[in-house]
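**Q** here's a sequence, model it:
(chains A, B and C)
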Amino acid sequence: MAAAGFAIFYISRMLYMSDVSRFFSSLEIYNSYPFLFDILFGFLFNFLFDVSFCLSAVLFIVSGSEACRYIARYGIGTGVPSVGMYSVGIATICSVFGFSLFDQITGFGGFLAGISVSLIFGFICGKITNKYLNLNIPGFTYNMTLVSVATTASFMASGIFLFGSFESIIYLRGMIMSGIAALLFIGTAVMVFHSYNASLGADESHDRTQHLAFSNAFLWMLLLSLISAFFKPVSVVLIIMFSLILFIYSFKKYVKCVKRDSYVISEPALLPTEEELI
Amino acid sequence: MIENLFDVSTVLSVSNVAVFLFVLIGGVLISLSVHFIPIGGAPAAMAQATGVGTGTTQLAAGAGLTGLLAAGSVSAVTNNLYLPLFIGSISSCLMIAITMFSANLVYIFGVGCPLVSGKRQRDVITKDRQDVYVSKGTEGHGTPTASFFSGLIGGLIGGFGGSLTYVSILYLCTKTVGISFAGSAAFAATCSIALFYINSVIASYNIGGTIEGFTDQKFKKMPKAIFVSSIASAIFGIITIATVYLFIVPATGGIF
Amino acid sequence: MINFTVLLLLGLIAVLAAIAGYTEDLESVIGSQSNPNSQVQLAPQVMRPHRYFNKAISGEPISNALTAAIGASVAYLFTYISFPFLVSLVLGSIVASLFHAYLAFVSHTGRIASQGRFKQPLYKDVIRSHIFPIAAYAFLTVFCILSISYILKYALEHPFPFPLISLILGISVGSIGSSIGDVYYGAESLYQNYPFGAGINAAHSGDIVRKGASGILTNHDHTYFCSMFGAPATGLAFSATVFLTTWITSVFNPKDGTIYGVLAIILGILFIICLFVLNRILEIYAHHRFGPYRETEKGDAVDI
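**A** As a prediction, the model looks like this:
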C-alpha cells in the first residue's frame, strides 16, 4: 500500500513537471483559444496534483493504521493511542526536516529525505524500545518503523496538499509560524491510531477496521481541503467534491460492516433477558 | 549554507554542541519525570489503584505543556535565560499539585475512601499505618502524602525538561542564527511538544500503566528508560539542529 | 506595576476555564470516554448488556486537543481574512464539534459491533439521543478553549501561535478532566449499586449499575449525577491551573526586572507548599472520618 502511494506520488510529480503542458500549447487549436486552454489545464493539473497528494496521504494513513493495529493487538499496557503519539513525535521533526530541503534539493528529494530520516529514526527507536524495555513483541521493530514512515509520509503529503507548494518559506510561515503544524500534528496521530482503537473488542474484524481507516482519512482530507481553500482557491471545489464522494462511499461501506458484525440492531427496546444471554 | 554544514568548525561550534546537550538532557529529564508522577491508569478511576486516574503519557504531557506555555510567555518579556526554565518548572508542578489535590477531594467526598497505598505497610514520609485502610480487592486509592511528594518532584523535573528544550532551541534560533522572535518561538515550541511525546511514551512503555512514585518497585526499572530516551533525544537533537541551519537560515536569510 | 486591565482579563480567563472544565467533564461522561470506558467495555463480557454510549475516540487529552486544534485552525484562518473574531471562533467551534460527533459515532458503533459474541445490541435510539449532546458539549468546550487562547494570544501577547496554544490547553483540560471528573463517574456513578465508602473490588469489575428508579439507565442520568460534584470539581481545577499559572507572572511581571520573576517563583512555591499541607490535612481527616476498612459494613451489591 505504501508502494502504491509512492507510485501515485511519483507519476503525478512527473506529470506535473513534464512537458505535457508544453506539448498541448504547441497544438494549433491552443493558439486559437489560449485563454480557455489555460483555464482548463490549470484546473486539470491543479486537480491532478491535489488528487495525487490526497490519495497518497490517505494510503499512508491506512498503511500506518494497519501497522498500529499489529502492534496494539499484543497489548502494550498503555493503550493504542501511545503508538500514534510516539510515531507522530518522530514524524513531526522528520517532516520539518524534509520541508527544509525543498529549497536545497527538489521537492520530491525533500519528501524522500524526510522519509529516509524517519526510517532510520523509527528503526532505532523501535529496536531499542523493544530490546531494552522488555516489550518482546515479535515484529515490533518492523512495524514501528512502518508506523513512523507512514506517519511522516502522511504528515508531509497532508502539508503539501494543504499548501500546494514546494517552497520552504511557505511551510515556515504558513505552517510553523501560523501554527497549522499543531493541527497536522494531532490530526495525523489521531487518524493513524483511531481506526483500531474504535473497533477494539473480541469480534474486531480486519475489513471493518480498514474501511474505518479509509473513512477517517477521507474525512481528514475533506477537512484539509476546506482549510486549503484559504491558501490556493483555484481548483478547490473539485477536490472537495472528490474527497466528499470518496468519504461517503467508504463511510457507507463501514456502516454495512457494522450492520453485518453487530449482534442485533434494535430500535428502543429492553435489555436482553437472562435466558437470551446464555 | 549547505556547504557550511560540511565545515567542521561550524558544526562543532560551542552553541551547537551546547544546544545538542541541552536537548539531550531535556529529553532525559522528561522521561525521568514520568516515573515520579503517581499514575493509577484506568483502575484508579474505579478507586482500585493508588495514583491519579489517567494515562501515564497524558498527565505528564498535560503538566509539562502547561509549564511550556508559562515558559513561553516569560521568554517573550525577558532576556534572562534562567527565569523561563524555573517558571515553567513551577507552573508544571502547580498543575500537578492542583490536579492531585482536586482528585483527592473527589476520592474523599465523592467516593468516600481514605487516601492509602496498599503496597507498603507504612507511608514513607508520614509513617502512618496504611494497610488497614485499603478496601478489599484493591491496591489502594487516592494519592497519599508520599506519592503526592513524588508527583511534585515529577512536575518540577518534567516542566524543567520541557522548558530547557524550548529555551535552548529558542536561543539557537534567535541569538546564534539571528531569526526573529515569533518564528523561533513557534519552531521551538513545536519541537518541544514532539520531544515531549516521544519521551513520555518511552517512559510509559517502561512502567507499563501504573506507578506510585519513587516508592514503587517499578521505579527501579528507570535506568533502562533513561538509556532509551537519551538515544532517541540525541537523534532528535541532531535533526533539530540540522533543520535550523538547513531550513530557517536559507529560507529567510535570518530576517523573518 | 499591577495592570488592572490584565487582572480583569485574567478573571475572564478563569471564568471561561471553569466553564470549559465543566462541559469537558460532562462531555466525557455522556459518552463514557477515557478510563471508565473500560468498565462499560467490560460489562457485556460479564453478562451485563447495557444501554450506555461507548465512545472510545482516545483518551480525553488527545481528543480534546484534536477538537481544539481543528477549531483554532479554522478560526485563525477566518480571522486572517478579517472576519469578526467572535464569528470566527463560533465557526471554528462548529467545524470541530461536527468532526468530534463523527468520531464519537464511529467509535460507538465500532466498539459495540466488536462485542457481537456477548450479545450486546446496538440501540439506534441511544445513538440518536446521545450524539447531539456530545456535539453540543464539545462545542461549548472548544469555544471556551478558543476564547482563552484568543485572549492569551492577542491581549496578553503570548509568543506561541494561536492553534498551538489551543492544542496545549486542550491537552491540559483533557488530562485534568480525566484525572478528576472520571473518578466520580467511574467509582461512584457507575457503581451506585455498591455501598458508599469503599473502592471498587477488582472482582466486581464490569458489574455496573444498569437499572434506575424507573427504567433502564442511560448516560443522561449519569450526566445529571456527575453535574453535581465531579464536573464542578474539574472546572474549578482547570480554572485554578490556568489562572494561577498566568497570575503569578502577571502580578510579578518579569518584564519589570529579574527580581519580580524570582518573586513569582517564590509565590508559586508558596502555593505548592499550601497545597501539600492541605493535602496532608485532608488525608488525616479522611483517616479519622472513615476509619479502617471493615468488611461487615461495606458488603456486597444491592440488587435493584
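**Q** and the helix-or-strand element of chain C with minimal mean pLDDT, which residues are buried?
**A** Each helix and strand of chain C was given a mean pLDDT (mean pLDDT, DSSP states H and E); the minimum falls on helix C:37-42 at a mean of 87. The neighbour-count check on helix C:37-42 (16 or more other CB atoms under 10 Å in any protein chain shown) flags C:37-41 as buried. (Each C-beta comes from the backbone N, C-alpha and C, glycine too.)
**Q** and the helices in chain B, which stretches?
**A** Under the criterion DSSP state H, chain B carries helices at the ranges B:8-11, B:14-36, B:41-45, B:56-77, B:82-105, B:145-171, B:181-207, B:222-243, B:249-252.
**Q** return the distance of the third one from the chain's centre.
**A** Helix B:41-45 has its average C-alpha position 21 Å from the chain's average C-alpha position, going by CA atoms, centre = their mean, to the nearest Å.
**Q** excluding chain neighbours, what is closest to residue A:137?
**A** Of all residues not flanking residue A:137 in the chain, residue A:74 sits nearest, at 4.7 Å (CB to CB, 6 or more residues apart in numbering or on different chains).
**Q** about what we covered before: turn the buried residues of helix C:37-42 into JSON lines, including distance to chain A.
**A** Listed next are the buried residues of helix C:37-42 as JSON lines, based on distance: CB to the nearest CB, whole Å:
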{"residue": "C:37", "distance to chain A": "10"}
{"residue": "C:38", "distance to chain A": "10"}
{"residue": "C:39", "distance to chain A": "14"}
{"residue": "C:40", "distance to chain A": "12"}
{"residue": "C:41", "distance to chain A": "7"}
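**Q** closest to residue C:79 out of the residues you listed?
**A** Checking the buried residues of helix C:37-42 against residue C:79 by CB to CB gives residue C:37 as the nearest, at 35.8 Å.
**Q** contact partners for that closest one?
**A** Taking CB atoms under 8 Å, 6 or more residues apart in numbering or on different chains, we find residue C:37 in contact with C:54-56.
**Q** who are the contact partners of the closest residue to residue B:83 other than its chain neighbours?
**A** Computed as CB to CB, 6+ apart, the closest residue to residue B:83 that is not its neighbour in sequence is residue C:261, at 4.1 Å. Contacts for residue C:261 (CB under 8 Å, 6+ apart) come out as B:74, B:78, B:80, B:83, B:87, C:249, C:252, C:254.
**Q** now for residue A:73, how many residues are close by?
**A** Residue A:73 has 13 neighbours, counted by other CB atoms under 10 Å in any protein chain shown.
**Q** without its sequence neighbours, what residue ends up closest to the residue positioned nearest the centre of chain A?
**A** In chain A, the C-alpha nearest the mean C-alpha coordinate belongs to residue A:57, at 3.1 Å (CA atoms, centre = their mean). Leaving out its chain neighbours, the residue that sits closest to residue A:57 by CB to CB, 6+ apart is residue A:157, at 3.8 Å.
**Q** now that neighbour: phi and psi?
**A** Summarising the backbone geometry of residue A:157 under the convention degrees, to the nearest 10, its torsions are phi -70, psi -40.
**Q** what do you get for residue C:122?
**A** Dihedral pair for residue C:122: phi -100, psi 110, per degrees, to the nearest 10.
**Q** and it, how far is that from chain B?
**A** 24 Å (CB to the nearest CB, to the nearest Å).
**Q** now that residue, which residues is it bridged with?
**A** The residues paired with residue C:122 through beta bridges, assigned by DSSP bridges, are residue A:265.
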